[in-house]
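>>> need coordinates for the below:
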Amino acid sequence: MSEPGEPTLQSLRAHGADRHDPVRFRFLEVMARRIPGQPAAVQQVLQGRLRAVVIDYAACVRSAPGARQRMEPPAIPAEGSALAQLNRDLDARVRSDGGIARMGVGAGVSDMKSVRQFSEVWSKISAERRVAQALENGPDNAGPLNSHKLMLRALCLMQSLSPDYLRCFLSHADSLLWLEQASVKPSRLAAKPGRKSQPRQ
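Sure, this is the predicted structure:
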């Protein structure tokens, strides 16, 4: 048990001291959480060690430059601030939409649930079809370092490991391709087809 006035993990976290050295603070939290599962004799030793380490951590935080700013609790936005109002509005929209936490690519917040489900299924089928088509059109006798072959292999691995990531990747690739095509301006108008000359006899 800590003495009155001694720093504890809870008081350090409440004052923002956990941001001073997050890895060390996390280690202390894990150590404190594991102590109750140990035998009584081990608990005594570990509690003494934890107490000493927490006091040392608090001393390091106090002696660090800029400690006063870190020890101050983060500012909570006022009830009527624009950020708080925006957060409330977004929470209300998500709750009214059925609490959907994850939406498919291209699905809006106000889309119906069935439309979102159809969109997700359709994009999944489309991604699988496009990968299969790319594999069919891939080079047959390409070497191991052929860029086309490596890209096809990466797509296959992506499809097997994370189909959702593959859908996002293909969506981004489509967007980049569209932007590239939209930014290319034709250098000259397409030449009008000329009249074929008649062969001389």
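>>> list the contacts of the most centrally placed residue in the chain.
The residue lying closest to the centre of the chain (Cα atoms, centre = their mean) is residue 165, at 11.3 Å. By Cβ atoms under 8 Å, 6 or more residues apart in numbering, residue 165 lies in contact with residue 158. C-beta here means a position set from N, CA and C on the backbone, and glycine is covered the same way.
>>> use 2 as the first number from now on
With 2 as the first residue, the last one maps to residue 166.
>>> and the pLDDT for it?
pLDDT recorded at residue 166 is 85.
>>> equivalent analysis for residue 117, please.
78.
>>> element containing it, please.
helix 114-137 (DSSP states H and E).
>>> helices or strands up against that helix?
helix 148-162, helix 164-184 (3 or more Cβ pairs under 8 Å, 6 or more residues apart in numbering; DSSP states H and E).
>>> buried residues in it?
117, 120, 121, 124, 128, 132 (16 or more other Cβ atoms under 10 Å).
>>> test my guess that residue 135 contacts residue 155.
No. Counting by Cβ atoms under 8 Å, residue 135 stays clear of residue 155, with 10.9 Å between them.
>>> after the lowest-mean-pLDDT helix or strand in the chain, next one along is what?
For the chain, using mean pLDDT, DSSP states H and E, the weakest element among its helices and strands is helix 68-72, scoring a mean of 52. Next helix or strand after helix 68-72 toward the C-terminus (DSSP H and E): helix 83-97.
>>> residues of that following helix that come out buried?
The neighbour-count check on helix 83-97 (16+ other Cβ under 10 Å) flags nothing as buried.
>>> repeat that for stretch 41-53.
Across stretch 41-53, burial judged by 16+ other Cβ under 10 Å covers 47, 48, 51, 52.
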